[in-house]
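> starting from these lines, generate the structure:
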Amino acid sequence: MSRNVGRAQIAQKIADELGLRRSQTPYKLVMLLIQHLKDCIFNAGELSIHRFGVFYLLKRKSRIGRNPQTGEKIILPERIVIKFKASPLLKDFFTCENS
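Numbering: from 1, shown residues only. Just a heads-up that it's a prediction; the model follows:
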């Protein structure tokens, strides 16, 4: 799979693994899973998936930025971002793959 993967590609991969036809593609399953993950993150502030990692919310303070074209200073407002911390098992998997 490429670096940028769409929901339809994920659903097709699942359908291929399960031996389903395209009309039975679990696209709705993928959509429900993504919605459930988003709900968990925003309601609880974090989501831990065992042996995979933790998604968590981080509040960024407002700061002064700069327009790269004009050099003009602008104030970037505070915002909430989603961060991800991989589990040690996931990190080990990638270090073993690249060795």
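> residue 30 is in contact with residue 5, isn't it?
No - Residue 30 is beyond contact range of residue 5, at 10.6 Å (criterion: C-beta atoms under 8 Å). Glycine gets a C-beta too; all of them are placed from N, C-alpha and C.
> compare neighbour counts for those two and give me the winner.
Set residue 30 next to residue 5 and count neighbours by other C-beta atoms under 10 Å: residue 30 wins out with 19 against 10.
> against which helices or strands is the helix or strand hosting the more buried one packed?
Residue 30 is located in helix 27-44, with elements delineated by DSSP states H and E. Using 3 or more C-beta pairs under 8 Å, 6 or more residues apart in numbering; DSSP states H and E, the elements in contact with helix 27-44 are helix 7-18, strand 46-49, strand 53-60.
> per-domain residue ranges of this protein.
According to automatic domain parsing, the chain is divided into the following domains: 1-44, 45-99.
> just put these in CSV and tack on mean pLDDT.
Below are the domains of the chain laid out as CSV (pLDDT from 0 to 100):
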stretch, mean pLDDT
domain 1-44, 83
domain 45-99, 90
